[in-house]
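[1] need a structure here:
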Amino acid sequence: MGIYRLILAVLVAIGHMGVMFFGVDLGYGVVAVVSFFIISGFVMTALIDKNYGKISRIPAFLADRAMRIYPQFIFYMVLSSILIFTMLADNPARNAVTPTNLLSTVAIFPLGFFMFGMSDPNIIPQAWSLGLEMCFYLLIPLILIYKARLALFYASVAVAILAFFGYLHSDFYGYRLLPGVLFIFLCGSFIKRGSVAEHFAVFFAWGLALAGCVLVATGSAQWLPYNVQVAAGIVIGIPMVMILSKLPYHKADEVMGNISYGVFLNHFLIIYAGKALGVTIISPKLAALYVTLAFVLSGVSYYLVERPVLALRKTLRARSAPPVKA
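    The predicted structure follows:
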């Protein structure tokens, strides 16, 4: 799924650059993030099943996740903070570079609750989704160990439906907070492995999302912030993950996947650099240049910052994996 993850990261990037198709904002960044949720559910289930499937191994799982997320995150947080502080004094992002907010940003978890004033995510704005991922990481080992996936899936679907129709805040509870999107993560988990009832739940979620798109398109439901984009992300993401999960390993796919995280993290750094140079409107041609720079910078940060930590993660997994039976 490496190439797909890179495509998703690029969609998030160009969405933040304001690139439109025929003057229309299609919200493809949100659609891409939803696919990331599905992939996360798939990958975390595989990882826990293989290496961290016991209560005693949860701390090792969390350490594994920290070693995956933090190296490049800290790298780009530092670069972004320096750039914002020194060159964007009149930009709203400057208000995020304070000692208190730097601490909350380093913690990552508070970024997922920025809507409640727990942090200002403008150093790396897209990193709010990493705060959401942190919430998922804390729960998924317990959900798998105690076999609570199906019950929590339908509870989350109920929250999502209330958010879709506006009974709850459609942006917060339908897109950014775990109660309303946990079922999306769990769709990925069910795709990795699941009972008949759990596989049915995946198709149920897909059909529900498709129905949501139809309701809004026909005017039968109100277009609220991100409800259509999230539904479209489910409609597109579920079959894509199902198909891609069946494909054999390929080295090129791994390479593309390796740079996807850096592209996800660094594109706002490039946008901020453009603003520091006086760029206010990003044309499609300039967006292509920005994406190319994001690729290059991501390759550098992967090999210099993340790759040295890979050996530690592999060692941790080897120690955590159950012994092989004779």
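
[2] How far away from the center of its chain is the helix or strand containing Ile48?
    Secondary structure from DSSP states H and E places Ile48 in helix 28-51. Taking CA atoms, centre = their mean, to the nearest Å, the mean C-alpha location of helix 28-51 is offset from the chain mean by 8 Å.

[3] on contacts alone, who are the packing partners of the helix or strand just after it?
    The helix or strand immediately downstream of helix 28-51 is helix 58-87, counting by DSSP H and E. Contacts of helix 58-87 with other secondary structure elements, assessed using 3 or more CB pairs under 8 Å, 6 or more residues apart in numbering; DSSP states H and E, are made with helix 28-51, helix 99-107, helix 128-145, helix 251-276, helix 284-301, helix 307-320. C-beta: built from backbone N, CA, C; applies to glycine.

[4] Any stretches of the stretch 201-326 of the chain with poor pLDDT?
    Applying pLDDT under 70 to the stretch 201-326 of the chain flags the ranges 320-326.

[5] The stretch 51-200 of the chain too?
    For the stretch 51-200 of the chain, no stretch has pLDDT under 70.

[6] ok, now which ones touch Leu83?
    The neighbours of Leu83, taking CB atoms under 8 Å, 6 or more residues apart in numbering as the test, are Leu269, Tyr272, Ala273, Ala276.

[7] Who's the closest spatial neighbour of the first one, skipping the chain neighbours?
    The reference is to Leu269. What sits nearest to Leu269 in space, not counting adjacent residues and going by CB to CB, 6 or more residues apart in numbering, is Ser80, at 4.9 Å.

[8] these two touch, right, that neighbour and Asn122?
    No: no contact is recorded between Ser80 and Asn122 when judged using CB atoms under 8 Å, the distance being 9.2 Å.

[9] Looking at the two, which one has more neighbours?
    Ser80 (27 against 21; other CB atoms under 10 Å).

[10] mind listing what the more buried one touches?
    With contacts defined as CB under 8 Å, 6+ apart, Ser80 is in contact with Ile123, Ile124, Phe268, Leu269, Tyr272.

[11] Kindly provide the distance from the first one to Phe114.
    Relative to Phe114, Ile123 is positioned 11 Å away (CB to CB, to the nearest Å).

[12] Neighbour count for the two, which is higher?
    Set side by side, Ile123 and Phe114 show unequal neighbour counts under other CB under 10 Å, the larger going to Ile123 at 26 against 18.

[13] Was I right to think the more buried one contacts Val97?
    Yes: between Ile123 and Val97 there is a contact under CB under 8 Å: 6.6 Å.

[14] Residues that sit against both of the two, list them.
    Joint contacts of Ile123 and Val97 (CB under 8 Å, 6+ apart) are Ser81, Ile84.

[15] End to end on stretch 114-130, go ahead and measure it.
    By CA to CA, to the nearest Å, the extent of stretch 114-130 from end to end equals 12 Å.

[16] what does that stretch contact?
    Contacts with stretch 114-130, where a contact means CB under 8 Å, 6+ apart, come from 12, 16, 33, 36, 69, 73, 76-77, 80-81, 84, 92-93, 95-97, 101-102, 104-105, 108, 110-113, 131, 171-172, 176, 264-265, 267-269.

[17] Could you rerun that using 7 Å?
    Residues outside stretch 114-130 that contact it (CB atoms under 7 Å, 6 or more residues apart in numbering) are 12, 16, 33, 69, 76-77, 80-81, 84, 92-93, 95-97, 101, 104-105, 108, 110-112, 172, 176, 264-265, 268.

[18] Please indicate which of the contacts of Leu83 are buried?
    The neighbour-count test (16 or more other CB atoms under 10 Å) applied to the contacts of Leu83 identifies Leu269, Tyr272, Ala273 as buried.

[19] Out of the contacts of Ser80, flag the one nearest to Ile236.
    Phe268 (24.2 Å; CB to CB).

[20] was I right about the closest one contacting His16?
    Yes: distance between Phe268 and His16: 6.4 Å, which falls inside the contact criterion (CB atoms under 7 Å).

[21] And these two? Which one has more around it.
    A count of neighbours by other CB under 10 Å puts Phe268 above the other of Phe268 and His16, at 25 against 17.
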